[in-house]
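Show me how the following folds:
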Amino acid sequence: MRTLLNKKRADRNRGCPALQSRLVNLLGWLAAKPFLNGRQLVVACRFARIGYSLEALASLERQGLASHLAGPGGPDTPLRRYYQITRRGINALSRHQEATAKDIAKRYWLSPRRLALLVRALGHTEACHQFFVDLIVHTEKVRCPVAGQGLILWHGEAEAYRRYRLDGLDRALRPDAFGGYRSGAQESFFFLEWDSGNMAAARHRRK
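Got it, this is the predicted structure:
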């Protein structure tokens with residue numbers, strides 16, 4: 001039995017490169033928050049310098065672990081591109097998280113249908129990500145910031161999904177994101193629902 005399990009693990013990992021921790025971390029960001037653009041990733045991952053993060057993205061693309069969409073209008077530069085994890089990237093991430101690729105895809109809703117929806121609503125997707133990026137930037141601009149102050153949690157749509165019971169029925173809460181912010185000794189947690197004016201009023205009220 002153990003031999004069979006080891007064979008399955010070896011088959012799953014075949015062709016998946018061993019990655020440095022910074023690249024695994026970056027893959028995790030792209031799985032949990034698809035279509036972060038290069039500028040947002042530079043801030044979110046808090047790499048020491050812009051070139052370092054762009055090199056990491058380029059490395060993922062060279063290995064076929066990530067791909068990108070060009071930003072609408074203007075020059076096609078790494079900072080303006082929208083990045084997503086590929087199927088090969090999901091396999092690599094599953095190796096490092098000791099899970100199956102199917103489990104990773106299910107955990108982060110990385111189905112072709114959902115990713116296509118995120119692309120069609122790319123302005124909305126970018127705005128949701130930018131809300132959290134702006135919180136990070138704002139904290140860094142605060143004069144004499146307190147250690148540990150600022151954004152302490154950022155969950156994308158898939159991670160923010162919650163189920164609960166109301167009036168004896170199972171309900172689903174599917175916000176655009178979930179976050180936590182610390183100011184001094186106070187921590188605040190919140191759901192983000194970004195209204196871009198493209199949802200029917202009745203559906204918006206239900207949500």
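
switch to C-alpha atoms for all contacts and neighbour counts from now on
Will do.

Just checking the distance from the strand or helix carrying residue 51 to the centre of its chain.
Per DSSP states H and E, residue 51 falls inside helix 50-62. Between the centre of helix 50-62 and the centre of its chain there are 17 Å (CA atoms, centre = their mean, to the nearest Å).

Which elements pack onto it?
Where contact means 3 or more CA pairs under 8 Å, 6 or more residues apart in numbering; DSSP states H and E, helix 50-62 is packed against helix 21-32, helix 38-45, strand 66-69.

how about a cut-off of 10 Å?
Helix 50-62 sits against helix 21-32, helix 38-45, strand 66-69, strand 82-85, with contacts defined as 3 or more CA pairs under 10 Å, 6 or more residues apart in numbering; DSSP states H and E.

Where do the helices of this structure begin and end?
With helices called from DSSP state H, the chain shows them at 2-13, 21-32, 38-45, 50-62, 87-97, 101-107, 112-120, 122-141, 157-160, 201-206.

Ok, which of those helices comes nearest residue 75?
With CA to CA, the closest approach to residue 75 among these belongs to helix 38-45: 13.3 Å.

Show residues contacting stretch 130-141.
Where contact means CA atoms under 10 Å, 6 or more residues apart in numbering, the residues beyond stretch 130-141 that reach it are 36-37, 39-44, 46, 124, 127, 145-146, 149-155, 177-181, 183, 192, 194.

Now do the buried residues in that stretch.
When burial is assessed from 16 or more other CA atoms under 10 Å, stretch 130-141 yields the following buried residues: 130, 132, 133, 136, 139.

before we move on, what about stretch 115-133?
Using 16+ other CA under 10 Å as the burial criterion, the residues of stretch 115-133 that qualify are 118, 119, 122, 124, 125, 126, 128, 129, 130, 132, 133.

And for stretch 71-88?
In stretch 71-88, residues buried by neighbour count (16+ other CA under 10 Å) are 71, 78, 79, 80, 81, 82, 83, 84, 85, 86, 88.

And the pLDDT for the second one?
What the model reports for residue 78 is a pLDDT of 93.

same question, the fifth one
Per-residue confidence for residue 81 comes out at a pLDDT of 96.

Residue 136 too?
The model's pLDDT for residue 136 equals 89.

shaky segments in this structure?
The model of the chain has pLDDT under 70 over residues 1-17, 47-49, 140-148, 196-198, 207.
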